[in-house]
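Asker: structure, please.
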Amino acid sequence: MESTASYWKPVYNLLELEGLHLLVVNAQHIKNVPGRKTDVKDAEWIAGLLRHGLLKGSFIPSREQRELRELIRYRRSFIDERAREINRIQKVLEGANIKLSSVASDVENGDKIPNRNG
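Answerer: Below is the predicted model of the structure:
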């Protein structure tokens, strides 16, 4: 299978469940002769390379590792979005002449700055 963007992932996941031995190959490593390309010609070209043992598969982590990576990336996107929202809120409030940093050290958690007078 040719790895193009992330289109290969759902197909790979389904075929992996069936216990098939799969080979995902970088598209740049199997470029065909320039000219008019079709999916059928590409499939024939890839099959020929495979028959002659000329394909080297890309590293695909285990299913558990892929799922963990996906969860971590998803969590990271939530953290990034949360930081963007906090910055937007601060900007809106400062635009309304409300400077939260004068009353809270951590806008995100609402922690107060200790009173200097005790």
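Asker: can you count the residues close to residue 66?
Answerer: For residue 66, the neighbour count with other Cβ atoms under 10 Å is 15. Just so you know, the C-beta spots here come from the backbone N, C-alpha and C atoms, and that holds for glycine as well.
Asker: pretty sure it is in a helix, no?
Answerer: Yes: residue state for residue 66 (DSSP: H, G, I helix; E, B strand; the rest coil) corresponds to a helix.
Asker: need the contact list for it.
Answerer: By Cβ atoms under 8 Å, 6 or more residues apart in numbering, the contact set of residue 66 is residue 60.
Asker: where's the spatially most central residue of the chain, which helix or strand?
Answerer: Against the mean C-alpha coordinate of the chain, by Cα atoms, centre = their mean, the closest residue is residue 73 at 6.1 Å. If you go by DSSP states H and E, residue 73 is part of helix 63-95.
Asker: now find how far off-centre that helix is within its chain.
Answerer: Relative to the centre of its chain, helix 63-95 is centred 13 Å away, using Cα atoms, centre = their mean, to the nearest Å.
Asker: how close does residue 31 sit to residue 37?
Answerer: Residue 31 sits 10 Å away from residue 37, going by Cβ to Cβ, to the nearest Å.
Asker: for the protein, name the helix or strand with the lowest mean pLDDT.
Answerer: The weakest-scoring helix or strand in the chain, judged by mean pLDDT, DSSP states H and E, is strand 111-112 (a mean of 56).
Asker: residues near residue 85, how many?
Answerer: Around residue 85 there are 11 residues (other Cβ under 10 Å).
Asker: that should have said residue 19, apologies.
Answerer: Around residue 19 there are 6 residues (other Cβ under 10 Å).
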